[in-house]
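**Student:** Provided below are the primary sequence and the corresponding predicted coordinates.
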Amino acid sequence: MARGDQLSRQWKLIQSLIASVKGRSAGDLAQELACHSRTVYRDLEALQAAGFPLFTQHDGGRTFWSIVGAERFRMPLPLNLTELMALYFSRNMLKLLDGTAIYEALSTLFEKITATLPPAYVEYLDQLALSLEVGVKPRKPYADFQETLDRISRAVQAQRLVSMDYFSMGRQTHTHRRVAPYKVWFYDETFYLIGFCHVRQAVRLFAVDRIARLVLLEESFDWPKDFDATRFMADSFGVFQGDPVLVRIRFKAETAGYVREKQWHPSQALEEMPDGGVVFSARVAGIEEIKHWVLRWGAGAQVLAPDALRRAVAEEVARMADFYSEACPPFNPSCLDG
């Protein structure tokens, strides 16, 4: 049996014993874990050898297993031992926040949990963690703009306007903005500030790492009662904003399987094709962001609608083709002029 399956089963066994007041029999555990009772006995022996304080008591000719004093290992929080163990085990899932004050606070919390849990429990969880490795995508150096994040958080809580210099990646220019900060939004490895921009007179999204300077102003603002960040972002195919538009994209059979695997957008619908392909439909905010999504599939995707998106993709593909034409040899900067 795979080591990961064994650890997963033992984890469930521990949870069951902790949750039980009177203890569990090997037969009950075997039925609950969908395995043979001999397997349960081997797991119980392994846990005892690892240092878990297991004990047995007999009642009506049956043997019941329990964990000694599980209720004693509690922090001054409404968490039981199983919940503390689960929280400690989740620390690898939060690596993507490394470099932020949030992760620093979580690291401190995990240290307290380590000091609270019995050593055998911590050792077991560390072994269990070896069966799960969390890969982290390339991300921005959060530590470099932690001060900006802290200031934004203070401004949001105090409902104070901020003055900031912001670099627009699309226009490659710096602009000065006065913003009423509503919320910090974390998406795809990036922190964003959602707020009302007094320059644009509309709610806008700002990448925190592109804020060059931010100052809290003395002016306060009132929260808009009808604003909901989740609803504001609902149409976006990521983070871009724009007028809602219905898109239809046909995927060939060889790429359709990947499209079916995920929920790409809340409004999406999939229409199966006789050749094994699929037509993806969704109502999204603007076409710029979904254009890049279409391009990532190469010739495996074809835009059916709207015409504006078809043209945008075709123009981008034509420019890309120029890069690789004989008239544009490698390392010729003039080919990049658009």
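**Tutor:** It's in. Numbers count the residues shown, from 1 in each chain.

**Student:** Ser20: what's its closest spatial neighbour, skipping adjacent residues?
**Tutor:** Of all residues not flanking Ser20 in the chain, Ser66 sits nearest, at 6.8 Å (C-beta to C-beta, 6 or more residues apart in numbering). Where you see a C-beta, it was placed from the backbone N, CA and C, and this is true even at glycine.

**Student:** So that neighbour, which state does it fall into?
**Tutor:** Here Ser66 is recorded as strand under DSSP: H, G, I helix; E, B strand; the rest coil.

**Student:** same thing with Asp235?
**Tutor:** On the three-state scheme (three-state DSSP), Asp235 is labelled coil.

**Student:** And the pLDDT for the closest residue to it other than its chain neighbours?
**Tutor:** Leaving aside its sequence neighbours, Asp235 sits nearest to Ala285 (C-beta to C-beta, 6+ apart; 4.0 Å). pLDDT for Ala285: 92.

**Student:** residues in contact with Ala285?
**Tutor:** Asp235, Ser236, Phe237, Phe240, Gln241, Gly242, Asp243, Pro244, Val245 (C-beta atoms under 8 Å, 6 or more residues apart in numbering).

**Student:** was I right about the third one contacting Glu289?
**Tutor:** Going back to what we said before, that points to Phe237. Yes - counting by C-beta atoms under 8 Å, Phe237 does reach Glu289; the two are 4.6 Å apart.

**Student:** And the two? Which one has more around it.
**Tutor:** For the pair Phe237 and Glu289, the greater number of neighbours falls to Phe237 (23 against 16), based on other C-beta atoms under 10 Å.

**Student:** Report the contact partners of the more buried one.
**Tutor:** When contacts are counted by C-beta under 8 Å, 6+ apart, Phe237 touches Trp264, His265, Ala282, Val284, Ala285, Glu289, Ile290, Trp293.

**Student:** Recalculate using a threshold of 7 Å.
**Tutor:** Neighbour list for Phe237: His265, Val284, Ala285, Glu289, Ile290, Trp293 [criterion: C-beta atoms under 7 Å, 6 or more residues apart in numbering].

**Student:** Show me the two of those residues that sit farthest apart.
**Tutor:** Ala285 and Trp293 (12.9 Å; C-beta to C-beta).

**Student:** Pop the domain breakdown of this protein in here.
**Tutor:** 1-136, 142-230, 244-323 (automatic domain parsing).

**Student:** The shortest one: end-to-end distance?
**Tutor:** Domain 244-323 stretches 33 Å from its first residue to its last (C-alpha to C-alpha, to the nearest Å).

**Student:** re the thing from before, which strand residues bridge the residue nearest to Asp235?
**Tutor:** Using DSSP bridges, the bridge partners assigned to Ala285 are Pro244.

**Student:** In ChimeraX, select just the buried ones from the contacts of Ala285.
**Tutor:** To isolate the buried ones among the contacts of Ala285 in ChimeraX, judged by 16 or more other C-beta atoms under 10 Å, type:
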select :235,236,237,240,241,245
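
**Student:** report the longest strand in the protein, please.
**Tutor:** Using DSSP state E, we find that the single longest strand of the chain is strand 173-187.
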